[in-house]
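1. what's the 3D shape of this:
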Amino acid sequence: MGGPPPGERARRLASFADERARRTASADRWLTSLLGAEPGVALVAVGGYGRCELLPGSDLDVLLLHHARPGIAALADRIWYPIWDSGTRLDHAVRRPGDARAVARSDLRVALGLLHARHVAGDPELTGELRSGALADWRAAAGARLAELHALHAERTARSGELAFLLEPDLKEARGGLRDAEAIYAVAAAWVAPGPGPRVRAAQEAILDTRHALHEVTGRASDRLVLQEQDEVARVLGLADADALLCHLAGAGRTVAYALDQSLRAAQRNRSGASRPSRFRRRGAAPRRPLADGLVEQDGEVVLARSADPAADPVLVLRSAAAAAEAGLALAPRTLARLQQCPPLPVPWPPGARDALVTLLGTGRAAIGVWEALDQGGMLPDLIPDWERVRNRRQRNPLHTFTVDRHLVETAARAAALTRDVARPDLLLLAALLHDIGKGWPGDHRVTGEVVTRDTARRMGLPDEDTELVAGAVRHHLLLPHMATRRDLDDPEPAAQVAATVGSRQMLELLHALAIADGQATGPAAWNDWKAGLVAGLVRRVAAVLGGAPPPGPLPLRPGQVALAEAGQPAAMVAGSQVTVVAPDRPGLLWQAAGVLAAHRLAVRSANATSHGTMAVTSFTVAHPFGEPPDATLVTSDLRRALAGDLDLAERLDRQRLRGTRAGSAHRPWLAPPRVTLVDDASRTATVVEVRAHDAPGLLWRIGRALGECGLNVRAARVETLGAEAVDVFYVVGTDGRQVTDAATRGLIAAQVLSALTG
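-> Take a look at the predicted model:
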């Protein structure tokens, strides 16, 4: 990996801390000189300045305290104006200690700032009076204040997301960011939970260093780490690149988030304990409920029974995790620490360990928090050695919500809801947990993942037959969604190819459930009813092939479609996401119809053409990005005008594109260039053209027109949009109705389509 040696990086980070200390000391000296020898007043640093965290873009948060001092306004102006004149940003207030406490009692953010009040200049007794009073107020109202703190944390998370999983995180406001680190100190100040330990303080320092570097790079008070700044910030921090920086931040953010969850849970437990009957208030006297061998529930957490011996029980880690998830409880911090004494699991694992892992994963959403606890305890690499390679690994893809490791756990949680649909739910859960494990290695993650999974499954003690099923599921976990969204399912070839690959109904059902869980865990843009329906349709066809039955034929036309076709005139019917276009059959009809739909701001997701007598019937699946579907009468009118040559679709779509938010996006030089591929062996009856390009309105129309100019007829199309990227597949035949096999003609097709995309 790149980047400077560790020693050099440590020196850089130490210099950041030294600079913050120098800035704080310099500000203290400046304020002291501005105040002078004035009696009965004090200058107090609060907030980040009070914590000695002055960054290049930080405000000076200053409170001028006094006790009914005459002329206090003039004194304040004498201090504030030189600061303003210097260009330094100032957040200031002038108050009596009692007034400052009263404001804090009604404003949580002010109260949090006062918890870090630090004397700068003037009368130290005034500062001491404020500090002791503010802390006493905080502790006296701890129940209400911590409930407010919890609500504020939830509001920030909903607004700013989670630092560990964002491509452009807000270092301050996101869950796991600097605000949450401050919240841990606030909970500790209420004497209801311990303060942050060394790991949490190091994580907070890592995020603070990143914010410091961001201020230096941008020259302003920035909190959001946007993509274009990440490489330079990484360089300043002594990290190899932006990916290393985001991985570093993900680890720090998860540590802070987990620690805050623990603090809030401890606070809740301690407040609940105050109301426990007196006979249970003695240390260690809380009621204990057995959960599993060596494990009990106490005070709402999972703790070790008195008879448990971690040093002699390698399965205890997984047994504890499974018990916690099944009971919907957290592992107690002390229990987590003691579990680190467990010896490594023998290879192969004993059956009890594998059963405990499957039980844990089978609890669904409850498993996620427990798995995070094992991660924070550093226990996962002992269970799955390759886990460290995907830990905190970002996925620079807008479809992916999570880091690779969290995505694996989320997929397993989703798969838990599908275990009734497969013959081997244990293998489904293991395949879900491991399906992207290959992303920690160079090359195709499906290929490397198969190798890693086979090794991991053998370590777990799976029989050879089960090992091959899990490894095969990992190798082919993208097969069904890729084939379903990029091939014409009415063509028998895709189903035959998938059947030959999967080989059995058992593998097919595993891959179907895994595709659903993987898509749902990726993010809302990666899985929808349209894709689910396509995958299910492919699975039905493959199951028929595996069973020796002929694959299902295309669905018959609906009565409304038949009636439309028998009317004998070009027309359109709109029913939700389905649009049917009928017209006398002619070359280029599909792409002209697609252009009309694009002109009505419909995003085409798939298209299939069939016939009824002399009429072509084309069924489009569409999305309505701009609200309600258009009126079918207007679509019909434009369709007839386009087919008669009275509607200039090119001009209308160009105007629409220029008005849209993606105007000119296909010509942006920093985008990856489009790619056109003619896929061999994808169909026995048509030539399959796959196009990858940046998505834009009318893209299907432009590609279809280019294919028409090559003398080709588009029989079917599959359109998939992944974020801003389109993967469009077209089944085309020549004027003779056959595949195109001539090499020169195939090359001309690719060149013509590419020209349409880049011209």
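
2. Wasn't Arg738 part of a helix?
-> No: counting by DSSP: H, G, I helix; E, B strand; the rest coil, Arg738 falls outside a helix, being coil.

3. Near it, how many other residues are there?
-> 11 (other Cβ atoms under 10 Å). C-beta here means a position set from N, CA and C on the backbone, and glycine is covered the same way.

4. Likewise for Ala37?
-> 7.

5. Just say helix, strand or coil for it.
-> Going by three-state DSSP: Ala37 is coil.

6. Please verify my assumption that Ser683 contacts Tyr731.
-> Yes: assessed by Cβ atoms under 8 Å, Ser683 is found in contact with Tyr731 at 6.2 Å.

7. and those two? which has more neighbours close in?
-> The neighbour count for Ser683 versus Tyr731, taken as other Cβ under 10 Å, is higher for Tyr731 (25 against 22).

8. where does the more buried one land on pLDDT?
-> We have a pLDDT of 90 for Tyr731.

9. what sits against it?
-> Going by Cβ atoms under 8 Å, 6 or more residues apart in numbering, Tyr731 touches Asp488, Asp491, Ser683, Ala686, Thr687, Val688, Val714, Arg715, Ala716, Ala717.

10. number of nearby residues for the closest residue to the last one other than its chain neighbours?
-> So the one you mean is Ala717. Leaving aside its sequence neighbours, Ala717 sits nearest to Ala607 (Cβ to Cβ, 6 or more residues apart in numbering; 4.3 Å). Per other Cβ under 10 Å, the neighbour tally for Ala607 reads 28.

11. List the residues that contact Ala607.
-> Each residue near Ala607 by Cβ under 8 Å, 6+ apart is listed here: Leu590, Ala594, Thr618, Ser619, Phe620, Thr621, Leu700, Val714, Ala716, Ala717, Val719.

12. which residues touch Asp464?
-> Going by Cβ under 8 Å, 6+ apart, the list of residues near Asp464 is empty.

13. For the contacts of Tyr731, which single residue is the most surrounded?
-> Greatest neighbour count in the contacts of Tyr731, by other Cβ under 10 Å, goes to Ala717: 28 neighbours.

14. Which residues does whichever strand or helix holds it contact?
-> Here Ala717, judged by DSSP states H and E, is contained in strand 713-722. Under the contact criterion Cβ under 8 Å, 6+ apart, strand 713-722 has outside partners 397, 399, 485-488, 490-491, 525-526, 531, 587-588, 590-591, 594, 603-609, 686, 695, 700, 704, 707-708, 726-735, 737.

15. Report the distance from that strand to the chain centre.
-> 28 Å (Cα atoms, centre = their mean, to the nearest Å).

16. so where's the stretch 1-150 of the chain uncertain?
-> By pLDDT under 70, the weakly predicted segments of the stretch 1-150 of the chain are 1-6.

17. for the stretch 1-150 of the chain, what spans make up the strands?
-> Counting by DSSP state E, counting those that start in this stretch, the stretch 1-150 of the chain has strands at residues 41-45, 60-66, 90-95, 118-122.

18. contacts for the longest one?
-> Just to be clear, that refers to strand 60-66. Taking Cβ under 8 Å, 6+ apart as the rule, strand 60-66 contacts 27, 31, 40-50, 54, 72, 75-76, 79, 83, 88-97, 100, 113, 117, 120, 122-123, 126-127, 130.

19. again with the third one
-> Counting by Cβ under 8 Å, 6+ apart, strand 90-95 makes contact with 47, 59-66, 72-73, 76, 80, 83-84, 100, 103, all of which sit outside it.

20. Same list (the contacts of Ala607) but as CSV, adding distance to Ala756.
-> Shown next, in CSV, are the contacts of Ala607 (distance: Cβ to Cβ, whole Å):
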residue, distance to Ala756
Leu590, 15
Ala594, 13
Thr618, 21
Ser619, 24
Phe620, 20
Thr621, 23
Leu700, 11
Val714, 14
Ala716, 19
Ala717, 15
Val719, 16
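
21. wait, which of these is closest to Arg424?
-> Thr621 (33.3 Å; Cβ to Cβ).

22. Next SSE downstream of the helix or strand harbouring the closest one?
-> Thr621 belongs to strand 615-623 when assigned by DSSP H and E. Using DSSP H and E, the helix or strand that directly follows strand 615-623 along the chain is helix 632-643.

23. who does that following helix touch, helix- and strand-wise?
-> For helix 632-643, the elements it packs on are strand 571-575, strand 578-584, helix 589-599, judged by 3 or more Cβ pairs under 8 Å, 6 or more residues apart in numbering; DSSP states H and E.

24. Mind listing residues that contact it?
-> For helix 632-643, the surrounding residues in contact (Cβ under 8 Å, 6+ apart) are 569-574, 579, 581, 583, 586, 589, 592-593, 595-597, 599-600, 647, 649.

25. Give the buried residues for it.
-> By 16 or more other Cβ atoms under 10 Å, the buried positions in helix 632-643 come out as Ala632, Val635, Thr636, Ser637, Asp638, Leu639, Arg640, Ala642, Leu643.

26. ok, which stretches of the stretch 1-150 of the chain are helices?
-> For the stretch 1-150 of the chain, the helices defined by DSSP state H, counting those that start in this stretch cover 6-35, 47-50, 72-85, 97-106, 108-114, 124-140, 142-160.

27. so which of those helices comes closest to Val753?
-> Of all the helices of the stretch 1-150 of the chain, it is helix 142-160 that lies closest to Val753, at 42.2 Å by Cβ to Cβ.

28. Could you report the neighbour count for the residue nearest to Ala632 when sequence neighbours are not counted?
-> Excluding the flanking residues, the one nearest Ala632 by Cβ to Cβ, 6+ apart is Val574, at 4.4 Å. By other Cβ under 10 Å, 23 other residues sit near Val574.

29. so how far is Ala563 from the closest residue to Gln752 other than its chain neighbours?
-> With Cβ to Cβ, 6+ apart as the criterion, Gln752 has its nearest non-adjacent residue at 4.9 Å, and that residue is Ala706. Distance, Ala706 to Ala563, by Cβ to Cβ, to the nearest Å: 34 Å.

30. For the two, indicate the residue with more neighbours.
-> Neighbour comparison, Ala706 and Ala563: the larger count goes to Ala706, with 23 against 13 (by other Cβ under 10 Å).

31. Check which helix or strand the more buried one maps to.
-> helix 699-709.

32. Outside of that helix itself, list whatever touches it.
-> By Cβ under 8 Å, 6+ apart, helix 699-709 touches 587-588, 590-592, 594-595, 598, 604, 607, 649, 653, 689, 691, 693, 714, 717, 719, 726, 728, 730, 732, 749, 752-753, 755-757.

33. In that helix, which residues are buried?
-> Leu699, Leu700, Trp701, Arg702, Ile703, Gly704, Arg705, Ala706, Leu707, Gly708.

34. Distance check, the first one against Ala144.
-> To Ala144, Leu699 is 56 Å away according to Cβ to Cβ.

35. ok, of the contacts of helix 699-709, which come out buried?
-> 588, 590-592, 594-595, 598, 604, 607, 649, 653, 689, 691, 693, 714, 717, 719, 726, 728, 730, 732, 749, 752-753, 756-757.
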